[in-house]
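1. quick one, what's the 3D model for this:
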Amino acid sequence: MAPPILSYENLGLVQGEGWLFRNLDIHIGPRDRLALIGRNGAGKTTLLKCLAGLVDTDEGERKVVPGTRVVILEQDPVMTGHSTLEEWVLGGSYAPAAHEAAAIADQIGIDLGRDTATSSGGERRRAAIVRALAQNPDVLMLDEPTNHLDLGAIDWLEDWLNRFKGAFIVISHDRTFLTRLTKSCLWLDRGNIRRAEIGFGGFDAWTERVYDEEIRAAEKLDAKLKLELHWLQRGVTARRRRNQGRLAKLNEMRAQRAAMLGPAGAAKLALAKDDVKTKAVIDAEHVYKSFGDRSIIKDFTLRIQRGDRIGLVGANGTGKTTLLKLLTGELKPDSGTVVQAKSLSGIVIDQQRKLMEPTRRVRDVLAEGGDWIEVRGHKKHIKGYLKEFLFDPSLTEAPIASLSGGERSRLLLAREFARESNLLVLDEPTNDLDLETLDLLQEVIADYDGTVLIVSHDRDFLDKTVTVTLGLDGSGKVDIVAGGYEDWARRRREVKTAGKKAAVPLARAEAPAAPQARIKLSYKDQRDLDRLPEEIERLEREIAAQEEALHDPDLYTQNPTRFSELTASIERKRAEKEVAEHRWLEVAEMAEALTR
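-> Numbering: from 1, shown residues only. Sure thing, here's the model as predicted:
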């Protein structure tokens, strides 16, 4: 193994009244590809700035091999004092050459002549990437590099980093980006740092093993610590196991949608049953929309039903926001019709960020200063509800200014998901969220009773969330594909390979057939396949009934023993349900393989 070119030994930093982290030893080799992972608020961005030498620590020694260029791509770089993006780009620490900056800017698609004061978030992000790469770094530190980038720019950046000869360390919520690029993981967890020589693809399995070891060790400790560790482990690893069951359900919903979609180009949900139309919440017929001489949407037809999860993808400027506004009624088509159900009641998450005023407290945002919040018709204590969204319950009095960007986004999600609605509109919801919050968001969306419209460039998030993808390429045509981002990307590759538009149904593509190890399921496997759905439904009913009893705001004070019994019972039944879902998914996949 090559010696490190950058290291920080015994790193410690005080924040507020205590240590944010302490006794951290970090070593970066000349070709390291590191993912820096941790919850929002754990201090990832601060740690990255310490490694880059931008933040002075309270303890520790930073060592850099002489001549090593260390460059950081910050989330929100300060551009004040520079009239144009080019002026700011050329002001980097290592004075990037103008011709190199211009070449990179051309490849990633940014006009560096833009005024910094009026440039968009996407333009500023591209300019920051140009500045970082043009300095020819030996160690490159990237803080959420894909934020505000469209899919084309993300692909370009991935390709550049794959060819990069130096080392990089990256913070990102984009699982696909991390999986494709990283070879090692740094996990910042509760003030400690752990390193594993595995790419991000093995991160979940690694952390589950770590938590399992902690739970076993806690068996010998006091009950309070054991309970806290159990909540932490259950809130992370068990959620991932539950999501496996939800993924199977999502695939089933996609298959149903594929059966209802017509041939490519028609993209009309068939009226195979009388009740289909009554379930429609948005009905678009032959919609056209232009701005000036440019056609944004051409002959778009789609019926969106209750429970659909619709993803909108495409490069910036292809018309995603226009299509979203057409579907929600905010914008009228030039021709054609878009009809929304009269009962439609929507929430647009992005429009609510004004609620997050820095001086307000968490309880002010969540419960208007009270102790209880109305969650879709049921009362919940805010401390319990905060735990559901991965917050420490003691944060109720914390000012918004003290929260990280990701924590603010998570708090906003908690507030909005409590409201009664049947349409949820999410515009780039994954920005600023950590990986665990993304797991939580996927779970909440899966359990949401209404219809969801999602604009996102997060490929993994779309693959695990949406039932139908609307792909825009800027020509005005909208591809309608049953499935997620990868299904849309696969269809585009197929069309490109064929050299013409494919005239086949836009259904979810089959995975390569696996070799059959047996001609049928064993008796036990078949029995589990048949009985587990009913058992899972039974457990869901029992959990719901007990949770309903917990909604009584007086139960805790009047009968704390009953409150504790119900809480413990719900925990047990949830664990049983998780095991059942995991087993059902396993045998269902076995059964599906035998039918191929």
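
2. I'd say T46 and L13 touch.
-> Yes - counting by CB atoms under 8 Å, T46 does reach L13; the two are 6.8 Å apart. From N, CA and C alone the C-beta is placed, and that goes for glycine too.

3. who has more neighbours, those two?
-> Taking neighbours as other CB atoms under 10 Å, T46 and L13 compare with L13 leading, 21 against 18.

4. ok, that one - contacts?
-> Residues in contact with L13, defined by CB atoms under 8 Å, 6 or more residues apart in numbering, are W19, L20, F21, R22, G43, T46, C50, V55, T57, D58, E59.

5. doesn't R62 belong to a helix?
-> No - counting by DSSP: H, G, I helix; E, B strand; the rest coil, R62 falls outside a helix, being strand.

6. identify the residue nearest it in space, chain neighbours excluded?
-> With CB to CB, 6 or more residues apart in numbering as the criterion, R62 has its nearest non-adjacent residue at 5.0 Å, and that residue is Y8.

7. what bridges to that neighbour?
-> I26, R62 (DSSP bridges).

8. which of the contacts of L13 lies closest to D143?
-> T46 (10.4 Å; CB to CB).

9. from A52, how far out is that closest one?
-> 11 Å (CB to CB, to the nearest Å).

10. tell me what the regular element (helix or strand) spanning T179 is packed against?
-> Under the criterion of DSSP states H and E, T179 resides in helix 175-181. Here helix 175-181 touches helix 151-163, strand 167-171, helix 459-463, going by 3 or more CB pairs under 8 Å, 6 or more residues apart in numbering; DSSP states H and E.

11. just the strands in the stretch 351-500 of the chain please.
-> 372-375, 378-381, 423-427, 451-455, 468-472, 478-482 (DSSP state E, counting those that start in this stretch).

12. A248 is nearest to which of the ones you listed?
-> Here strand 478-482 is closest among the strands of the stretch 351-500 of the chain (CB to CB), at 15.8 Å.

13. quick one: the helices in the stretch 251-400 of the chain?
-> For the stretch 251-400 of the chain, the helices defined by DSSP state H, counting those that start in this stretch occupy 275-279, 320-328, 362-367, 382-388.

14. which one, of the helices and strands packed on helix 175-181, ends up nearest to A284?
-> helix 459-463 (20.5 Å).

15. state the mean pLDDT of the helix or strand where R125 lies.
-> Taking DSSP H and E as the criterion, the element that holds R125 is helix 121-134. For helix 121-134, the mean per-residue pLDDT is 93.

16. not counting that helix itself, show me its contacts.
-> 71-74, 77, 79, 85, 88-89, 92, 96-97, 100-101, 104-105, 108-112, 114, 116, 119, 140, 142, 145, 147-150, 153, 157, 160, 316.

17. show me which of those are buried.
-> 71-74, 79, 85, 88-89, 92, 96, 101, 104-105, 108-110, 112, 114, 116, 119, 140, 142, 145, 147-150, 153, 157, 316 (16 or more other CB atoms under 10 Å).

18. in strands only, show me those.
-> V71, I72, L73, L140, L142 (DSSP state E).

19. reformat these as TSV; add pLDDT and distance to T328.
-> Formatted as TSV, these follow (pLDDT from 0 to 100; distance: CB to CB, whole Å):
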residue	pLDDT	distance to T328
V71	96	41
I72	96	39
L73	95	34
L140	97	40
L142	97	34
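
20. need the max-distance pair from these.
-> Farthest pair in those, by CB to CB: V71 and L142, 9.5 Å.

21. re the thing from before, worst average pLDDT in the helices of the stretch 251-400 of the chain?
-> The stretch with the lowest mean pLDDT among these is helix 275-279, at a mean of 49.

22. before we move on, back to that, tabulate the helices of the stretch 251-400 of the chain (TSV), appending distance to P560 and mean neighbour count.
-> Formatted as TSV, those follow (distance: least, CB to CB, whole Å; neighbours: other CB atoms under 10 Å):
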stretch	distance to P560	mean neighbour count
helix 275-279	44	12
helix 320-328	46	21
helix 362-367	22	20
helix 382-388	14	18
